[in-house]
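[1] prediction below, plus the sequence it came from.
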Amino acid sequence: MFEGLDDIKWEDFGDTHIAVGMKTHEIPGFIRDMLHDDHEEREWAIAYILGEGQHLGMLDKATPAIIPFVLEVLEKQPDYTQRGYLVFGLSLMFDHMFGYENFDYLRLSIATYEAITAGYNIYKRLLNDSEQWTRLHSAEIMCRMQDHTLDALSALTTRLTVEPDEEVRHAIVKGIIKLIYDASGIYLWSGDGLAVVQKVYAYLKDSGTFTEKVIFSWELDSRHFSHDKDIQAFIERIKARAKLTGQWHEHD
């Protein structure tokens, strides 16, 4: 495990801001401690390398070098107790990307995205994990995988039809629409993108809860979807019902 860890010149990344009080040269030790025998030591290690507390998921110059070792744990330790914590930390990194208008931070965001994307097959597998939060955070990452748009959409759509947990299903519905909307590899609302929307609509119409139908309708309505008459009529019906029950006002 962790081959090449000591070959990285961690000090070259300068001061780290991932966790309060941590020094860059300490990162290898915390990476190794992800496999510590003591549960609390593992928790501390993850907090230090992915960002503790409110800093969880924040980006640092060392972040792209850390991610491959996190992915190695997820790949080689499928029953790793804190796998949900690791995936959660990775998913939060997307909230910190592209947050500043300078090219150094843009480069860091792209390098971080590419490092996370390298674990695509891991997140796809974890969509079927036994642990709810692992599935949820894996779905949140999958909806960002724009280098694998069509395959990610297929995996998310398939998981939706068998996912038993309500919160995970909500994340998947949101994620599918987000991925179609954000991706540049498919035309926004025609061809492959529209086919996925139609498939999700057909499933939710017959099998989805009312809340899931509201989420689906809101995500499309907020993007002014008008490319399928049946779906558009469905959105209007759900929107009207949701307003009557107070489930739409928070989105207005």
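    Sure, I can see it. It should be emphasised that the depicted structure is a prediction, and the values quoted were computed from it without experimental measurement.
[2] how about the spatially most central residue of the chain, what does it touch?
    Nearest to the geometric centre of the chain sits residue 141, at 1.9 Å (CA atoms, centre = their mean). Listed by CB atoms under 8 Å, 6 or more residues apart in numbering, the contact partners of residue 141 are 87, 90-91, 94, 116, 123. From N, CA and C alone the C-beta is placed, and that goes for glycine too.
[3] what do you get for residue 94?
    By CB under 8 Å, 6+ apart, residue 94 lies in contact with 57, 113, 140-141, 144.
[4] which parts of whichever strand or helix holds the residue nearest to the centre of the chain are buried?
    Counting by DSSP states H and E, the element that carries residue 141 is helix 132-142. Burial within helix 132-142, assessed by neighbour count using 16 or more other CB atoms under 10 Å, is assigned to 133-142.
[5] in the stretch 51-200 of the chain, where is pLDDT below threshold?
    53-54, 184-190 (pLDDT under 70).
[6] which parts of it are helices?
    63-76, 83-96, 103-117, 120-126, 132-142, 149-160, 166-182, 192-207 (DSSP state H, counting those that start in this stretch).
[7] which other helices and strands does the shortest one contact?
    Using 3 or more CB pairs under 8 Å, 6 or more residues apart in numbering; DSSP states H and E as the contact criterion, the elements in contact with helix 120-126 are helix 63-76, helix 83-96, helix 132-142, helix 149-160.
[8] what about residue 177, how many residues nearby?
    22 (other CB atoms under 10 Å).
[9] skip the chain neighbours and tell me the closest residue to it.
    Spatially, and ignoring its direct neighbours in sequence, residue 177 is nearest to residue 219 (4.0 Å; CB to CB, 6 or more residues apart in numbering).
[10] give me the element that neighbour is part of.
    helix 210-221.
[11] touching the helix or strand just after that helix from outside, list them.
    Past helix 210-221, further along toward the C-terminus, the next helix or strand under DSSP H and E is helix 229-244. With contact meaning CB under 8 Å, 6+ apart, helix 229-244 is reached by 197-198, 201, 205, 210, 213-214, 216-218, 220-221, 225-226, 248-249.
[12] and with 6 Å instead?
    When contacts are defined by CB atoms under 6 Å, 6 or more residues apart in numbering, helix 229-244 is touched by residues 201, 213-214, 217, 220-221, 226, 248.
[13] how about stretch 105-124?
    By CB under 6 Å, 6+ apart, stretch 105-124 touches 59, 63-64, 67, 71, 74-75, 90, 93, 97-98, 138, 141-142, 145, 147-148, 155.
[14] are any of those buried, and which?
    Neighbour-count burial (16+ other CB under 10 Å) applied to these gives 59, 63-64, 67, 71, 74, 90, 93, 97, 138, 141-142, 145, 148, 155.
[15] follow-up on the earlier one: out of the helices of the stretch 51-200 of the chain, indicate the one that is most buried.
    Highest mean neighbour count among the helices of the stretch 51-200 of the chain (mean count of other CB atoms under 10 Å): helix 132-142, with a mean of 24.
[16] just the angle between that one and helix 63-76, please?
    Comparing the axes of helix 132-142 and helix 63-76 via axes from the mean of the first three to the mean of the last three CA atoms, to 10 degrees yields an angle of 130 degrees.
[17] so how far is helix 132-142 from its chain's centroid?
    In terms of CA atoms, centre = their mean, to the nearest Å, the centre of helix 132-142 is found 6 Å from the chain centre.
[18] got it, and stretch 154-169?
    When distances are taken as CA atoms, centre = their mean, stretch 154-169 is centred 14 Å away from the chain's centroid.
[19] swap in stretch 196-203?
    With CA atoms, centre = their mean as the basis, stretch 196-203 stands 21 Å off its chain's centre.
[20] cool, and stretch 7-19?
    The answer for stretch 7-19 is 25 Å, by CA atoms, centre = their mean.
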